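Asker: this one's sequence-less:
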């Protein structure tokens, strides 16, 4: 009896240690959701921060404080380090229901499609990709819910395509220091 148990335990150990691809699948399965969440939550903040030299020149420990502020400020509206970047200066959590449809969720849906199609076509690793895609979708949805609204929807930008020449005839267009006027005889060309 003891010999059989030892053999079973050795056999189970060898299965649990597995191959390198098995270990990679386990790691990917564990980190897929948190990475998808963090990527979606912080991508717009880092686009803004990486353009500022006062952020790019910070030491790594200070950048970690900024990351903590992005996480806590986005979810709760409160930041731990007030001397650093505040993603929610109004003190409210960033809630954006429209953000749940995003590129991270799109990647997860593509993975799900591979999983479904791969199962019928017997493609490699279809089950693993399907399982990881579920976690990517979940992380992307939660991260997108607390993602800041896109800049185009929050700004008051408008298109001039619906403005008629009659209303714009007297509008002056400034280009640097040179004033240009709308010329009706050329049907919209600027002089």
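Answerer: That came in fine, so what should we check first? Every value quoted in this text rests on a predicted model; they were computed, and no experiment measured them.

Asker: would you list every one of the helices in this protein?
Answerer: Under the criterion DSSP state H, the chain contains helices at 2-17, 20-49, 53-56, 60-76, 103-121, 126-145, 151-154, 165-168.

Asker: just those helices: most buried one?
Answerer: Mean neighbour counts were taken over the helices of the chain using mean count of other CB atoms under 10 Å, and the top value, a mean of 20, falls to helix 126-145. Glycine gets a C-beta too; all of them are placed from N, C-alpha and C.

Asker: Quick one: mean pLDDT for that one?
Answerer: The pLDDT scores in helix 126-145 average 95.

Asker: which other residues reach it?
Answerer: Applying CB atoms under 8 Å, 6 or more residues apart in numbering, the contact partners of helix 126-145 are 25, 28-29, 32-41, 95-97, 99-102, 104-105, 107-112, 114-119.

Asker: Please apply the same query to stretch 42-62.
Answerer: With CB under 8 Å, 6+ apart as the test, stretch 42-62 has contacts from 63, 66-67, 70-71, 74, 84-85, 87, 147-148, 150-151.

Asker: follow-up on the earlier one: residue 91 is nearest to which of the helices of the chain?
Answerer: helix 60-76 (9.0 Å; CB to CB).

Asker: tilt between the closest one and helix 126-145?
Answerer: If you take axes from the mean of the first three to the mean of the last three CA atoms, to 10 degrees, helix 60-76 sits at 80 degrees to helix 126-145.

Asker: mean confidence for helix 60-76?
Answerer: 95.

Asker: Show me which helix or strand of this structure is least confident by mean pLDDT.
Answerer: Every helix and strand of the chain was ranked by mean pLDDT, DSSP states H and E. The lowest is helix 165-168, at a mean of 31.

Asker: what about the chain, any weak spots by pLDDT?
Answerer: Filtered on pLDDT under 70, the chain yields the residue ranges 1-17, 151-191.

Asker: go again using 80 as the cut-off
Answerer: Scanning the chain with the threshold set as pLDDT under 80 gives 1-18, 150-191.

Asker: contacting residues for residue 34?
Answerer: residue 139.

Asker: what do you get for residue 74?
Answerer: Counting by CB under 8 Å, 6+ apart, the residues that residue 74 touches are 41-42, 87-88, 93-94, 146-148.
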